[in-house]
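Engineer: I'll drop the sequence and a predicted model, then ask my questions.
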Amino acid sequence: MTSSPTGWRRPQNENGVATHQRIVEGALEVLATRGWRHASVAEVAARADVTRGAVQHHFKDRDGLFTAAVQHIMDTRISQIEALHHGEYPEGERTRVIVRTIVELHQGTSFAAALQLCVAASDDPALRPRVAAMESEVGARGFWALVELLELDGHDGTVRTTVQAFLDSARGLGLAGMLNDDTRRRLQVADRWADMLDDLRTVHVDAHLDP
């Protein structure tokens with residue numbers, strides 16, 4: 001996990017943690033449905049069933065609230081990827097299950113909220129560097145977690161570009177999923193990526209076995 005983003009205070013007790021979590025979840029819902037410009041602290045408080053003062057106790061400003069909410073979901077996404085290390089997979093299906101899971105992590109409210117933040121940052125000089133740094137960190141963590149899961153050499157140029165292309169594709173599928181229900185096509189694309197990543201690992205292993 002990363003350190004506390006600028007703009008929020010880490011809760012110190014169980015009740016504070018529970019309240020913080022409700023506020024974060026409310027902020028994600030508001031951000032995903034209302035967009036950055038129209039999302040308000042008052043609406044977050046209503047969604048979280050807390051007072052506006054409670055929100056301001058945990059987050060010193062509006063930008064800190066919504067940025068921390070997206071940071072939370074990105075950290076959660078990385079944790080979910082890392083947790084795949086402990087999964088049990090049908091014979092020959094490990095890569096396919098991992099790839100499909102990562103693709104599905106780029107669907108729904110969480111992805112929509114993160115996208116709203118990125119769109120807002122593109123037009124806000126003050127917000128842009130904060131969001132860019134967060135995206136860079138999460139992108140690197142996601143890349144290395146996936147490389148380790150797939151038992152690939154992340155320092156190999158072909159591996160790096162292929163894995164990054166897959167992660168970029170997962171984002172693109174997330175955007176497409178916001179516009180239409182494309183579940184069938186999404187699964188087909190994910191399965192094709194799984195085949196390519198399996199082929200990449202086979203080539204990688206064979207190259208290291210050659211005398």
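Structural biologist: Received, thanks.
Engineer: mind showing which ranges of this protein have poor pLDDT?
Structural biologist: Filtered on pLDDT under 70, the chain yields the residue ranges 1-14, 204-211.
Engineer: list the contacts for the residue nearest to the spatial centre of it?
Structural biologist: For the chain, M74 is the residue whose C-alpha lies nearest the centre (Cα atoms, centre = their mean; 3.7 Å). Taking Cβ atoms under 8 Å, 6 or more residues apart in numbering as the contact definition, M74 lies against 114, 134, 138. Where C-beta positions appear, they are placed from N, C-alpha and C, glycine not excepted.
Engineer: pull up the gap between the closest residue to A48 other than its chain neighbours and G154, please.
Structural biologist: Nearest non-adjacent residue to A48, counting by Cβ to Cβ, 6 or more residues apart in numbering: G26, 3.6 Å away. Relative to G154, G26 is positioned 37 Å away (Cβ to Cβ, to the nearest Å).
Engineer: who's more crowded, these two?
Structural biologist: G26 (21 against 13; other Cβ atoms under 10 Å).
Engineer: residues of the helix or strand containing the residue nearest to A48 that come out buried?
Structural biologist: Assigned by DSSP states H and E, G26 belongs to helix 14-34. For helix 14-34, a neighbour-count test (16 or more other Cβ atoms under 10 Å) marks 19-20, 22-32 as buried.
Engineer: now distance to G64 too, for those, in a markdown table please.
Structural biologist: Below are these laid out as a markdown table (distance: Cβ to Cβ, whole Å):
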| residue | distance to G64 |
| --- | --- |
| T19 | 16 |
| H20 | 12 |
| R22 | 17 |
| I23 | 11 |
| V24 | 12 |
| E25 | 16 |
| G26 | 15 |
| A27 | 10 |
| L28 | 14 |
| E29 | 18 |
| V30 | 15 |
| L31 | 13 |
| A32 | 18 |
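Engineer: buried ones in the longest helix seen in the chain?
Structural biologist: Ranked by residue count, the top helix of the chain under DSSP state H comes out as helix 183-209. Within helix 183-209, the residues scored as buried using 16+ other Cβ under 10 Å are 186, 189-190, 193-194, 197-198, 200-201, 204.
Engineer: kindly report the same for stretch 73-87.
Structural biologist: For stretch 73-87, the neighbour count (16+ other Cβ under 10 Å) marks 73-75, 77-78, 81-82, 84 as buried.
Engineer: cool, stretch 113-127 as well?
Structural biologist: 113-118, 120-121, 124, 127.
Engineer: dump that stretch to PDB, keeping only the CA atoms.
Structural biologist: Extracted as PDB, the C-alpha positions of stretch 113-127 are listed here (Å, rounded to 0.1, in the frame of the first residue of the first chain):
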ATOM      1  CA  ALA A 113     -14.500   6.800 -11.200                       C
ATOM      2  CA  ALA A 114     -10.800   6.500 -12.000                       C
ATOM      3  CA  LEU A 115     -11.600   7.600 -15.600                       C
ATOM      4  CA  GLN A 116     -13.400  10.700 -14.400                       C
ATOM      5  CA  LEU A 117     -10.500  11.700 -12.300                       C
ATOM      6  CA  CYS A 118      -8.100  11.300 -15.200                       C
ATOM      7  CA  VAL A 119     -10.300  13.400 -17.500                       C
ATOM      8  CA  ALA A 120     -10.500  16.100 -14.900                       C
ATOM      9  CA  ALA A 121      -6.700  16.100 -14.400                       C
ATOM     10  CA  SER A 122      -6.100  16.500 -18.100                       C
ATOM     11  CA  ASP A 123      -7.700  20.000 -17.800                       C
ATOM     12  CA  ASP A 124      -6.500  21.000 -14.300                       C
ATOM     13  CA  PRO A 125      -2.800  22.000 -13.900                       C
ATOM     14  CA  ALA A 126      -3.000  21.700 -10.100                       C
ATOM     15  CA  LEU A 127      -4.600  18.200 -10.200                       C
END
